[in-house]
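> Below is the structure, and that's it, no one-letter string:
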């Protein structure tokens, strides 16, 4: 009786935190899509105020006391064994969020937020001016702050593990290194073989695709993929993203390039993958801290499964190419499915991560993971990053940036102190193909369905197998539950090597 | 020293309340423009939570204590005479907001909010089904709740005065009656004379105006009126409105009708009038409860000044008609400025307030004001509203609705318990023309400027004379300050009678 009351109180606190987070998401979504230029000053104040209120709500001593009453303590976050499993998972996640928040002293949080703001503003300029030296002091400050954060939170082995744990709970620097090593070698080798082959002609992509028509096509596409537009929408922003504004309100964005219609198409499919995951929490997990992806990497497994494994497959375009042609009859008049499929899957080493193809993408991540590990182990100094970047870029990808702007300065993450985030992107590729192996065994008609544009069985499988867990399971446990395996690069490597052998005739 | 500290604390509380109100405005704006259909459930929860937080912040005992320390009490809201005038005005408005909020018991507020939700939902159906009987119990409940609210707040003479005071501080049922009486008689007479004249041919408005082109024109129009689009935007919603999301972020909406381009044009001009007022508070009054219009009616004076006095004037269209023609060359090919000016100013009695012309609009308001007064004095029962509505509609406007849907059920206000709101609309017409009389004396070249599309002198005059006061002065004081007069219908009657004598050759 007392237990039920305590649980009800914790769920009420959690629900309030959730609504506050969603209100914050509305303000942030608006900032990225429709906020007038000069509205940003007041918006920052509104965000800071609401973030403070949300933080206060979560970290009230009441939360800690109630968690303790149910036996949830840092050493045993899941609480009393007599509780039902879903409630124990709830306690685990709430305890984790609570601990993360209370362990950071308010002064440190405020100073870090201020330093991050300055650092990011400096990075924008430094990237524009190709001036790593100007950014260096901020980068050093960000590393210092992140190290301190890891210290406050605690970690098993290395400080970097404490940071990884934010994005991939249950993963460690060592467990990731163990798979990234062979992954890097085999992808580099594959890329080398592809580079020796002739490049496909993709000039038809550059003949002017009206952005208004692209918007219509992408809206049609998201619906056909199964996005219920009564529960979300597609808008335009500088960088595509997905955000959850409510249990039945998940919004995605894209951007339209006149001379590259594929950019919007694959960002739409990618963000749909994130959105399908988020939209699935409206039933059993609604309004709770469990209504979230298992991790950044698991989330990315969903977006990359849709974008790459499904969206860049031949059956998919057998179904969708006629539709695309109906939107752009002039531009695609004389283009057949073969050259289009090749264009969608062209691979070559390049300098910029966000423009990388399916083969080289993970190599960009491996480079960053290596550098982050070295920065936090102390074997690499921030000042030596640009040189090390160029050296390893050449070794891993076979290309070398001429400027830091298209090298070490290209990504926003480090400027915000988000160390430990990058690995999730490549882990998403690995998780995704591990899941896909089980999926194909369970759904033998998957490819025929995709060619018909019928994704209903796929949606059901994902819902029943992955989405249903929300944030209840950490990535290693979810992997085990779904695939029976632990983290492995094999399914991804098998998939990518056979796909590209086929495309490039290797 | 102590005084300065206390003031600083009150300003900090006020600023937080302001940011919370603006965050709420973001959530509400999104609900009216872009919220996916099924997102409404969570959005209601988010709004309720944030409203509760904002209410708690304002009504904390600390606020009352700090106000008291500065001598601000209900009988002397402006506090110690030794304080600077702007601070005394600040104390007045904060004390008023605080008292209004603390005087209502939380249980009553919660019950009222719930009843209003149910009532509004019932009204939507009742209007659709022309079923006043179904709505009657809710209407009676709304009257009861409003009466109770007035009792909690207190009032000098009549309960209805207590409600009017929310929208028009300093105005009373008697002071409004004194001007609405003669206003109604002379407008009815004018409308009778107009009805005897032939109606202008306005068929050219119905020949298909592409809504995308209308959107482009309206965006151009708002810029030319002087709207800095770095500080706001124009979107689409079911009912046009203006809302302030930040000191430099004021958003307006409109709707586009294919067979009536004037609808969007005049709603854009109207909302621009509101927006110019709101945008003016960013400097001296930024983030304060004084950064607001003096009242609903004063706000409406600004929108109606722009929409009617400026936007429906001949000089204005001498400037803008060529621009409109350039957007719709086919549709307006053979239309001259004369028939267009007549179309913009056609007047005839009609049933629906929101579609009423400049002459009959105030008569719709006078009808509602009469009925509200009678409901709250007890001389009219809610059940007798439909009959009384028809009778008085016939007497005042010369037309009689066949159904309650286009009669007593047409407006949303009563279903939400917003009694006392309607008079502001007609007061806006009166205030506006009182201001305009001073304005024309100060700006003798006003009409030539309007014809040139140059509104810079007008913007400066409004900023220096009206906007600068924000909410510091109550409507009677602002009127006196700007015009030297108290409330009067004469300037409006003089304006409307001479304008329509000219147009219809009366």
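Right, received. Where do you want to start? Computed from a predicted structure; not experimentally measured.
> low-scoring pLDDT stretches of chain A, where are they?
In the predicted model, chain A carries pLDDT under 70 at residues A:1.
> Pull up the residues of it that are close to chain B.
Contact residues of chain A with respect to chain B, defined by C-beta under 8 Å from any C-beta of the partner chain, are listed as A:16, A:19-20, A:22-23, A:26-27, A:30, A:34-39, A:41-43, A:45-46, A:49-50, A:53, A:228-233, A:235, A:245-249, A:251, A:287. Every C-beta, even on glycine, is put in place using the N, C-alpha and C of the backbone.
> Now stretch A:109-125: buried residues?
If you call a residue buried by 16 or more other C-beta atoms under 10 Å in any protein chain shown, then stretch A:109-125 has these buried ones: A:109, A:112, A:115, A:116, A:119, A:120, A:122, A:123.
> One more: stretch A:485-492?
Residues A:487, A:488, A:489, A:490, A:491, A:492 are the ones in stretch A:485-492 that count as buried (16+ other C-beta under 10 Å).
> For the buried residues of stretch A:109-125, give me CSV that also has secondary structure.
As requested, the buried residues of stretch A:109-125 are exported to CSV (DSSP: H, G, I helix; E, B strand; the rest coil):
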residue, secondary structure
A:109, helix
A:112, helix
A:115, helix
A:116, helix
A:119, helix
A:120, helix
A:122, helix
A:123, helix
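> of the residues you listed, closest to chain B?
Comparing those against chain B with C-beta to the nearest C-beta places residue A:109 closest, at 18.6 Å.
> show me the contacts for the closest one.
Taking C-beta atoms under 8 Å, 6 or more residues apart in numbering or on different chains as the criterion, residue A:109 is in contact with residue A:55.
> Please report the distance of it from residue B:177.
The gap separating residue A:109 from residue B:177 is 58 Å, by C-beta to C-beta, to the nearest Å.
> rewinding a little: the residues of chain A next to chain B, buried ones only, as a PyMOL selection?
Selecting only the buried entries of those in PyMOL, with 16+ other C-beta under 10 Å as the criterion:
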select buried, chain A and resi 16+19+20+22+23+26+27+30+34+35+36+38+39+42+43+45+46+49+50+53+228+231+232+233+245+246+247+248+249+251+287
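> out of the residues of chain A next to chain B, which are inside strands?
Cross-referencing the residues of chain A next to chain B against strands under DSSP state E gives A:232, A:233, A:235, A:245, A:246, A:249, A:251.
> For the last one, give me its contacts.
Under the criterion of C-beta under 8 Å, 6+ apart, the neighbours of residue A:251 are A:29, A:232, A:233, A:234, A:235, A:242, A:243, A:244, A:245, A:275, B:36.
> Pretty sure the second one sits against residue B:37.
This means residue A:232. No: Residue A:232 is not in contact with residue B:37 according to C-beta atoms under 8 Å; the separation is 10.0 Å.
> For burial, what's the neighbour tally of the residue lying closest to residue A:216 once chain neighbours are set aside?
Leaving aside its sequence neighbours, residue A:216 sits nearest to residue A:327 (C-beta to C-beta, 6 or more residues apart in numbering or on different chains; 6.7 Å). Summarising burial for residue A:327: neighbours were counted as other C-beta atoms under 10 Å in any protein chain shown, giving 18.
> any idea how far chain B is from residue A:327?
Computed with C-beta to the nearest C-beta, to the nearest Å, the distance linking residue A:327 and chain B is 18 Å.
> Residue of the stretch 51-200 of chain A nearest chain B, please.
residue A:53 (6.3 Å).
> Show residues contacting stretch A:384-403.
Surrounding stretch A:384-403, the residues in contact under the criterion C-beta under 8 Å, 6+ apart are A:130, A:132, A:139, A:184, A:188, A:191-192, A:195, A:349-351, A:360, A:363-364, A:366-367, A:370-371, A:374-375, A:380, A:404, A:407-408.
> Specify the angle between the helix or strand harbouring residue A:268 and strand A:232-236 in degrees.
With the criterion set as DSSP states H and E, the secondary-structure element containing residue A:268 is helix A:261-279. Our comparison of helix A:261-279 with strand A:232-236, counting by axes from the mean of the first three to the mean of the last three C-alpha atoms, to 10 degrees, yields an angle of 150 degrees.
> With adjacent residues omitted, what lies nearest to residue A:431?
Using C-beta to C-beta, 6+ apart and skipping residues adjacent in sequence, the residue nearest residue A:431 is residue A:301, 3.7 Å away.
> What is the burial count for that neighbour?
The burial count assigned to residue A:301 is 31, neighbours taken as other C-beta under 10 Å.
> That one and residue A:426 touch, don't they?
No: with contact defined as C-beta under 8 Å, residue A:301 and residue A:426 do not form a contacting pair (10.6 Å).
> need the contact list for residue A:173.
With contact taken as C-beta under 8 Å, 6+ apart, residue A:173 is in contact with A:157, A:158, A:160, A:161, A:164, A:373.
> In TSV: the residues you listed, plus secondary structure and distance to residue A:12.
Below are the contacts of residue A:173 laid out as TSV (DSSP: H, G, I helix; E, B strand; the rest coil; distance: C-beta to C-beta, whole Å):
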residue	secondary structure	distance to residue A:12
A:157	coil	37
A:158	coil	38
A:160	helix	37
A:161	helix	34
A:164	helix	32
A:373	helix	42
